[in-house]
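In: Pasting the sequence and the predicted model now:
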There are 2 protein chains.
Amino acid sequence: MKLITRDTDYAVRALASIASSKKAVVSAGELAGKLRIPRPFLRKILQALNKKGIIKSIKGKSGGFSLAADPKKIYLLELMEVFQGKFRLNECLLKRRPCPNRLTCPLRKKISNIERYVVSELKSLTLASLLKED
Amino acid sequence: MKLITRDTDYAVRALASIASSKKAVVSAGELAGKLRIPRPFLRKILQALNKKGIIKSIKGKSGGFSLAADPKKIYLLELMEVFQGKFRLNECLLKRRPCPNRLTCPLRKKISNIERYVVSELKSLTLASLLKED
DNA sequence: ACAAATGATACTCTTGTGGTATCATTATAA
DNA sequence: TTATAATGATACCACAAGAGTATCATTTGT
């Protein structure tokens, strides 16, 4: 089970690399080389981040990407939700409505508690906090 | 993302049903009917539980399954690990060793903390505790 | 001996993850 | 002003895991 998928992971690294670059914009090719991520895959990821307004893009020759917000305002949870959808731990349980016996309810309650905790932890992680120790 | 997959969920319900049955053994067919779970799928699940020693099976006509341990000693985490493998939240991160920059390390640390919390929560859940409120 | 159960396996279908591949569009630098 | 180097938009593909089916062999109570 993975909390964080590959695309989210790559997104975090790419954003960190953009944040710590001295250049105004960084191209996908540059990032791909530096981070050793397949270029076409990284492009797809950057396009998604752009659509969500997390980074800004500049088209044309010598174009590229730059952050659209302060690293302190970019949350890990937000990135996860771009690539992995809304964070829920109990997907399958909730789909099986009128739960056949009341049994699963205490389970669901527990899982909801766990979910709340995990979400609060993930909310506290920003791009800035990940950069600090770099 | 699901913390608990369908087979684990079914296993919990089946065990609960066996535990609360007055009969000495309960057959897969009976359980499947009562819980509205596809019989062949449930059989596979019960066989797995049997192999792991969580339930005992009796073969032949009027055979079936019974618990092999006290419900207080059957842990949700144990059941999850039967069907979902050892519980880890950071699978994909750990696979990508010599992490290209130190960046991901604080992330990993955080995820490990979250993992520890979730595991401790899951460990505290037993079949008995799920049965109580039924 | 037959029916009703489990044991063991192998197969299928669908979805999600981790990518590729193309073509169109934009803009700058030569 | 035109070639080139970037992004935008899509469509596709391969593999693995999740969710379940299907068969056949074996055991045992009636």
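Out: Alright, I've got the coordinates.

In: what's residue A:89 in contact with, if anything?
Out: With contacts defined as CB atoms under 8 Å, 6 or more residues apart in numbering or on different chains, residue A:89 is in contact with A:111, A:112, A:114, A:115, A:118, B:1, B:2, B:3. Placement of C-beta: from N, CA and C, glycine included.

In: and which of those residues is nearest to residue B:9?
Out: Minimum distance to residue B:9 across those is 9.2 Å, recorded for residue B:2 (CB to CB).

In: Residue B:119 versus the closest one, what's the distance?
Out: 16 Å (CB to CB, to the nearest Å).

In: just residue A:48 next, same as before
Out: For residue A:48, the distance to residue B:119 - CB to CB - is 32 Å.

In: For the residue nearest the centre of chain A, which residues are in contact?
Out: Centroid check for chain A by CA atoms, centre = their mean gives residue A:79 as the closest residue, at 2.1 Å. Residues in contact with residue A:79 (CB under 8 Å, 6+ apart) are A:8, A:11, A:12, A:15, A:49, A:54.

In: Helix or strand: which one has the fifth one?
Out: Secondary structure from DSSP states H and E places residue A:49 in helix A:39-51.

In: same check, this time on the second one
Out: Assigned by DSSP H and E, residue A:11 belongs to helix A:6-19.

In: Please name every helix or strand in contact with that helix.
Out: helix A:28-35, helix A:39-51, strand A:64-67, helix A:76-84, helix A:127-132, helix B:91-95, helix B:104-123 (3 or more CB pairs under 8 Å, 6 or more residues apart in numbering or on different chains; DSSP states H and E).

In: Quick one: list the elements packing against the first one.
Out: Packing partners of helix A:28-35 (3+ CB pairs under 8 Å, 6+ apart): helix A:6-19, helix A:39-51, strand A:64-67.
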